[in-house]
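Chemist: Pasting the sequence and the predicted model now:
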Number of protein chains: 2
Amino acid sequence: MTEKGIKTKQLILNSIIEHVHLCGVNETSMGDIIAISGVKKGNLYFYFKNKEELILETLKEAHRRYQEYLSQNTAHVSDPLEKIEAMINAVVDYHTRRKFKGGCIFGNTALEMADKSSKYRAFIHDVFSQWIAWIRTHLETAITMGLMEHSTPVQELSVHIIAALEGGIMLSKVTKNADALNAAVRGIHELLRHYEIVNVNNGDRHAHKAENKRKSI
Amino acid sequence: MTEKGIKTKQLILNSIIEHVHLCGVNETSMGDIIAISGVKKGNLYFYFKNKEELILETLKEAHRRYQEYLSQNTAHVSDPLEKIEAMINAVVDYHTRRKFKGGCIFGNTALEMADKSSKYRAFIHDVFSQWIAWIRTHLETAITMGLMEHSTPVQELSVHIIAALEGGIMLSKVTKNADALNAAVRGIHELLRHYEIVNVNNGDRHAHKAENKRKSI
């Protein structure tokens, strides 16, 4: 594909992400895509085999962006548990800024398409598996570093964190305020602290961090 | 309305619940409703003002049934924390028996309709508010009975439990196995135990219950 072609394809995807986010897969018609992107039907079919491929590519672009956003908001943190907290804060910020409009595009697609299309199901499965694996990796690092109990059920805890976040986003989408998502997040924090080893180097971990902060002022 | 009329109305609602559960609101057309219920268009409009009213009544019937199901599975338990656990077990059983097909009809409707219709949003808001309030009441009883710490954030914990359950159901709908929902539930149990007062009457609460069970055999 020519450079111009790649650009056009990208422009089409960029233009319809928000529509898919707000309306879902089935309520995004080829007519909507033509109207929003300003690209003619024949051209759309030059770049994408069919509507399914086009929407799947759109969701993949949404996923790439979301991963980039989370990565930007966690890259500066080295402590594995603080990294997880930074990811959670970034998720809360993202949805609060959107005023919970649309909710989570991946959660929406999961509920809308999981029983209807194996391709969408496989994609959404990958999205959540990668997210869960990311948390798990950092929990395992925390255990190796002696910050967390060896008995921590890392896989289950990682799944629980994503479940609570997704459920919290859904409830906040209904109420249109952050209370539900914040409540879900508070539970996650309590659960992480439940498995955390508070005494590191004969000092309280949180107190130790506070001490470091004071020193750096 | 005559007794026959009430029966017909109920038959219409009963016949389309599963379709709405699996396909959602927008993918349930009047054509589908006519085909599934076997009731002619004119008759449908005699009982319901429009499609919105018909589907809202269907969701209310689904809610009534779900509440009845949960009530049946928790009525025999008197301990407030065991009552919450019995409710959670009933939720897991329900979705496991359905092999996670359709997921949660209320969660689905929340994600599909919260941004599109204030009537659906208000209904779903009520569903989740009632469920959260039910948990909160039992947590408050547990505190009054000295089974749980006075500092337990009852509202936030109740919201977290529903968020984790709904997120777990969503993830299990994607993977088509119980692992995700079970992981979400394990986190809920750990969180409940985190706030639980384990020493009651100078004895371990769980050990005490086990002892009672042994006595009753």
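Modeler: Right, received. Where do you want to start?
Chemist: hang on, residue A:5 packs against residue A:47?
Modeler: Yes. The pair residue A:5 / residue A:47 is scored as a contact, 7.3 Å apart, by C-beta atoms under 8 Å. In this view, the C-beta of every residue, glycine as well, is placed from N, C-alpha and C.
Chemist: Of these two, give the one with the bigger neighbour count.
Modeler: residue A:47 (18 against 11; other C-beta atoms under 10 Å in any protein chain shown).
Chemist: can you pull the contacts of that one?
Modeler: A:5, A:8, A:9, A:12, A:54 (C-beta atoms under 8 Å, 6 or more residues apart in numbering or on different chains).
Chemist: Output those residues in a markdown table; the columns should cover distance to residue B:118.
Modeler: Formatted as a markdown table, those follow (distance: C-beta to C-beta, whole Å):
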| residue | distance to residue B:118 |
| --- | --- |
| A:5 | 43 |
| A:8 | 39 |
| A:9 | 38 |
| A:12 | 33 |
| A:54 | 31 |
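Chemist: Spatially central residue in chain A, please.
Modeler: Central residue check for chain A by C-alpha atoms, centre = their mean: the C-alpha nearest the mean position is that of residue A:66, 6.0 Å away.
Chemist: can you pull out the strands in chain A?
Modeler: Assigned by DSSP state E, chain A shows strands spanning A:199-200, A:203-204.
Chemist: Confidence-wise, which of the ones you listed is weakest overall?
Modeler: Mean pLDDT is lowest for strand A:203-204 out of those, coming in at a mean of 50.
Chemist: pLDDT score assigned to residue A:27?
Modeler: At residue A:27, pLDDT is 91.
Chemist: Can you list the low-confidence ranges for chain A?
Modeler: A:199-217 (pLDDT under 70).
Chemist: Outline the domain layout of it.
Modeler: Residue ranges for each domain of chain A read A:1-59, A:77-216, as given by automatic domain parsing.
Chemist: what about those domains, which gets the closest to residue B:192?
Modeler: domain A:77-216 (10.4 Å; C-beta to C-beta).
Chemist: Name the single longest helix found in chain A.
Modeler: helix A:118-144 (DSSP state H).
Chemist: With chain B in mind, check whether it reaches it.
Modeler: Yes. Helix A:118-144 comes into contact with chain B (C-beta under 8 Å from any C-beta of the partner chain), by way of A:121, A:124, A:125, A:128.
Chemist: Looking at those residues, spot the one nearest residue A:75.
Modeler: residue A:128 (21.8 Å).
Chemist: doesn't residue B:174 make contact with the closest one?
Modeler: Yes. Shown here, residue A:128 and residue B:174 form a contact pair, counting by C-beta under 8 Å, at 6.4 Å.
Chemist: what touches both of these two?
Modeler: residue A:110.
Chemist: how about a markdown table for the domains of chain A, with distance to residue B:60 added?
Modeler: Output for these, formatted as a markdown table (distance: least, C-beta to C-beta, whole Å):
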| stretch | distance to residue B:60 |
| --- | --- |
| domain A:1-59 | 23 |
| domain A:77-216 | 16 |
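Chemist: Between those domains, which one is closest to residue B:18.
Modeler: domain A:77-216 (12.1 Å).
Chemist: any idea how far the closest one is from the chain center?
Modeler: When C-alpha coordinates are averaged (C-alpha atoms, centre = their mean, to the nearest Å), domain A:77-216 and its chain have centres 9 Å apart.
Chemist: Spatially nearest residue to residue A:11, not counting backbone neighbours?
Modeler: residue A:37 (7.1 Å; C-beta to C-beta, 6 or more residues apart in numbering or on different chains).
Chemist: Neighbours of the one you found, how many?
Modeler: 19.
Chemist: can you check residue A:93 too?
Modeler: 12.
Chemist: follow-up on the earlier one: between the domains of chain A, which one is closest to residue B:148.
Modeler: Among the domains of chain A, domain A:77-216 comes nearest to residue B:148, with 13.6 Å by C-beta to C-beta.
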